[in-house]
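Visitor: Have a look at this prediction, sequence included:
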Amino acid sequence: MIQGTMSNAGKSLIAAGLCRIFKQDGYKTAPFKSQNMALNSYITEEGLEMGRAQVMQAEAAGIKPSVYMNPILLKPTNDIGSQVIINGEVLGNMNARDYFKYKKTLIPDIMRAYQKLEEEYDIIVIEGAGSPAEINLKSEDIVNMGMAKMAKAPVLIVGDIDRGGVFAQLVGTMELLEEDEKSMVKGLIINKFRGDKTILDPGVIMLEERVKIPVIGVTPYMTIDAEDEDSLSERMTEQRQVDLIDIAVVRLPRISNFTDFNILESIEGVSLRYIKSVSELDNPDMIIIPGTKNTMKDLLWLRQSGLEAAILKAEKAGKVIFGVCGGFQMLGKAIADPLGVEEGGMLNGMGIFPMETIFHGDKTRTRVTGIFGELDGVLKELTGINLEGYEIHMGISKLEDGLPFLTSLQTLDERETVTDGAFSGNVYGSYVHGMFDKEEVAKTMIMCLAKAKGINMDQIAVMDYQKYKETQYDILADTLRGHLDMKKIYEMIERGI
């Protein structure tokens, strides 16, 4: 089991790297995280919802994602509440205090999922959440030491040296563990190191003497391009220079599934920037309004920040605007929430599309394939191109007659064909996540933006995104092999606790 001294210490990436190493070494390996809190989620082939980090780790392990790998998913709706998803299906919304009292009743669900994986795989790489030293939460823990005990798993604790204070992180974490928990910790990892390791070595020796646990690796700061779990992602804060084609993604406070746009970052000549103020917007070639876990609250933020007015001004100037899922809902005339799924009541939308969205209690969860319809505007050359992705939303949007749809879709079970999304002028919207991942879609869209700008990008190179991710997992595994004591890790697996 991989635990960390804090969120974003690197647990997910190290777990993914170990999954890849074990796969390369011939072991059937699966990732597992009993409880994940993230707005980046994924829909499995069965139409079930799970955290994106375990999907990334499953890819690294060379297996299909399964909801058994993440039986509990919490998707924050506000500062004190979350939508609770159990075994891939929505249980309902709970505030933090109610969930804290309730969560131990989910232990049977956790163990059923874990045991399903145990039956099929040689090694399970378990990921913790946050820190095991959160003393106010330890009594009801089901995701850190509580999970390690249930699985009888040896624990590695990861500290982040890049933020500073890594020795205090690791020593403090160990000091706050109970004696039986300390006995489960078999190794420490100092992660995100830059510089001359010989300067660090005396500190490593003192750390080992202090906690009586070996440091089994000092792993470097890695620039691996793997899908991120949540909005702590460095993608969100990295300052990017404007390139030939400039795309601005609005960094909504509750942004979800921003992995939709990862492929666009990899295209030479394209800058993808996450912006959260009018001053950061500048003059992009396309503005993307992404998905969100709370459309109504994020639309109010968009309005109050001045970005809504700036986007409407850009729309009038003929700029390409693309709304995905919650961003698509915002482009309509109104959003109604009669059941209080989000905020309750009704809110005026941006008014670009003659469309109303109503939130219902049921959640749409499905994988889809399809084609782009007969489009117009800057992106008209997307017409007829194949796409695939998934839908995951609470609202149903009703378009007024005469508004053309964006895509024609078929659910994965091929039971029905439906139309999705809309377009008007240079404004486009869709419920489909992941539609840009196909090489032809991404390439055509960038070529359309270039053509509108008078730039020739006919020779644009767009990678096969799946093959690219495979190379990244191999690089990750090679890097970890070079900096972790894999012999000790295998000994830990053999001995257990």
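Guide: On my side now, so go ahead. Numbering: from 1, shown residues only.

Visitor: per-residue confidence for residue 38?
Guide: Per-residue confidence (pLDDT) for residue 38: 87.

Visitor: Let me see the contact set for residue 211.
Guide: The contact partners of residue 211, taken as Cβ atoms under 8 Å, 6 or more residues apart in numbering, are 170-171, 174, 188. Where you see a C-beta, it was placed from the backbone N, CA and C, and this is true even at glycine.

Visitor: burial count for residue 6?
Guide: One way to gauge burial is a neighbour count; for residue 6, by other Cβ atoms under 10 Å, it gives 17.

Visitor: That one: what secondary structure?
Guide: Taken by DSSP: H, G, I helix; E, B strand; the rest coil, the conformation at residue 6 corresponds to coil.

Visitor: what's the helix or strand for the spatially closest residue to it that is not a sequence neighbour?
Guide: If the residues on either side of it in the chain are set aside, residue 6 comes closest to residue 131, at 5.4 Å by Cβ to Cβ, 6 or more residues apart in numbering. Using DSSP states H and E, residue 131 falls within no helix or strand.

Visitor: And for residue 131, the neighbour number?
Guide: 20.

Visitor: Let me know the pLDDT of it.
Guide: 95.

Visitor: I'd guessed it sits against residue 8; true?
Guide: No: judged on Cβ atoms under 8 Å, residue 131 makes no contact with residue 8 at a distance of 11.0 Å.

Visitor: mind saving the C-alpha coords of stretch 283-299 as CSV?
Guide: Listed next in CSV are the C-alpha coordinates belonging to stretch 283-299 (Å, rounded to 0.1, in the frame of the first residue of the first chain):
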residue,chain,number,x,y,z
ASN,A,283,-7.2,36.8,-26.9
PRO,A,284,-7.4,33.1,-27.4
ASP,A,285,-8.5,31.3,-30.6
MET,A,286,-10.9,29.1,-28.7
ILE,A,287,-12.4,29.3,-25.2
ILE,A,288,-13.5,26.0,-23.6
ILE,A,289,-16.0,26.0,-20.7
PRO,A,290,-15.4,22.6,-19.1
GLY,A,291,-17.4,20.2,-17.0
THR,A,292,-18.2,21.0,-13.4
LYS,A,293,-19.7,19.2,-10.4
ASN,A,294,-22.0,22.3,-9.7
THR,A,295,-23.1,24.0,-12.9
MET,A,296,-25.3,26.6,-11.1
LYS,A,297,-22.7,27.7,-8.6
ASP,A,298,-19.9,27.8,-11.2
LEU,A,299,-22.1,29.8,-13.5
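
Visitor: Going by neighbour count, list what's buried in it.
Guide: 284-299 (16 or more other Cβ atoms under 10 Å).

Visitor: ok, now stretch 167-177?
Guide: Along stretch 167-177, the positions that meet the burial threshold by neighbour count (16+ other Cβ under 10 Å) are 167, 169-171, 173-174, 177.

Visitor: got a list of contacts for that stretch?
Guide: 5-6, 9, 131-133, 135, 145, 157, 159-160, 182, 185, 188, 190, 203, 206-207, 210-211, 213.

Visitor: Nearest to residue 28 among the contacts of residue 211?
Guide: Comparing those against residue 28 with Cβ to Cβ places residue 188 closest, at 27.6 Å.

Visitor: Check the gap between that closest one and residue 138 for me.
Guide: Using Cβ to Cβ, to the nearest Å, one gets 20 Å for the distance from residue 188 to residue 138.

Visitor: Pull the distance from stretch 401-416 to the chain's centre.
Guide: Taking Cα atoms, centre = their mean, to the nearest Å, one finds the center of stretch 401-416 at 26 Å from the center of the full chain.

Visitor: Need the distance between the two termini of it.
Guide: Terminal residues of stretch 401-416 are spaced 21 Å apart (Cα to Cα, to the nearest Å).

Visitor: Make 57 the first number, not 1, from now on.
Guide: I'll keep to 57 as the first residue from here, and by that count the last item is stretch 457-472.

Visitor: Can you tell me what sits against that stretch?
Guide: Identification of contacts with stretch 457-472 by Cβ under 8 Å, 6+ apart yields 101, 103, 409-411, 422-432, 443, 455, 473-480, 484-486, 488, 491.

Visitor: please redo it, this time with the cut-off set to 7 Å
Guide: The set of residues external to stretch 457-472 that reach it, using Cβ atoms under 7 Å, 6 or more residues apart in numbering, is 101, 409-411, 422-429, 443, 473-480, 484-486, 488.

Visitor: Secondary structure of residue 524: a strand, I assume?
Guide: No: under three-state DSSP, residue 524 falls outside any strand and is assigned helix.

Visitor: burial measure for it, as a count.
Guide: 14.

Visitor: Same question for residue 472.
Guide: Look at residue 472: counted by other Cβ under 10 Å, it has 9 neighbours.

Visitor: thinking again about what came up before, can you name the two of the contacts of residue 267 that are farthest apart?
Guide: 227 and 244 (9.8 Å).

Visitor: before we move on, back to that, which ones among the contacts of stretch 223-233 lie within strands?
Guide: Counted as lying in strands by DSSP state E, out of the contacts of stretch 223-233, are 213, 215-216, 241, 244, 246.

Visitor: mind giving me JSON lines with those residues and columns for pLDDT and distance to residue 121?
Guide: Formatted as JSON lines, the entries for the ones in strands among the contacts of stretch 223-233 read as follows, by pLDDT from 0 to 100; distance: Cβ to Cβ, whole Å:
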{"residue": "213", "pLDDT": "98", "distance to residue 121": "26"}
{"residue": "215", "pLDDT": "97", "distance to residue 121": "28"}
{"residue": "216", "pLDDT": "96", "distance to residue 121": "27"}
{"residue": "241", "pLDDT": "97", "distance to residue 121": "29"}
{"residue": "244", "pLDDT": "98", "distance to residue 121": "30"}
{"residue": "246", "pLDDT": "98", "distance to residue 121": "30"}
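
Visitor: CSV please, covering those and showing neighbour count.
Guide: Compiled in CSV, the ones in strands among the contacts of stretch 223-233 are given as follows (neighbours: other Cβ atoms under 10 Å):
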residue, neighbour count
213, 28
215, 26
216, 23
241, 24
244, 28
246, 25
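
Visitor: out of those residues, which one sits closest to residue 131?
Guide: Comparing these against residue 131 with Cβ to Cβ places residue 216 closest, at 24.8 Å.

Visitor: For the closest one, list each beta-bridge partner.
Guide: Here residue 216 shows beta-bridge partners residue 247, assigned using DSSP bridges.

Visitor: Now do it against residue 249, distance only.
Guide: With distances defined as Cβ to Cβ, the gap from residue 216 to residue 249 amounts to 10 Å.

Visitor: give the contact list for the residue lying farthest from the centre of the chain.
Guide: For the chain, the C-alpha farthest from the mean C-alpha position belongs to residue 265; by Cα atoms, centre = their mean, that distance is 37.9 Å. Taking Cβ under 7 Å, 6+ apart as the contact definition, residue 265 lies against nothing.
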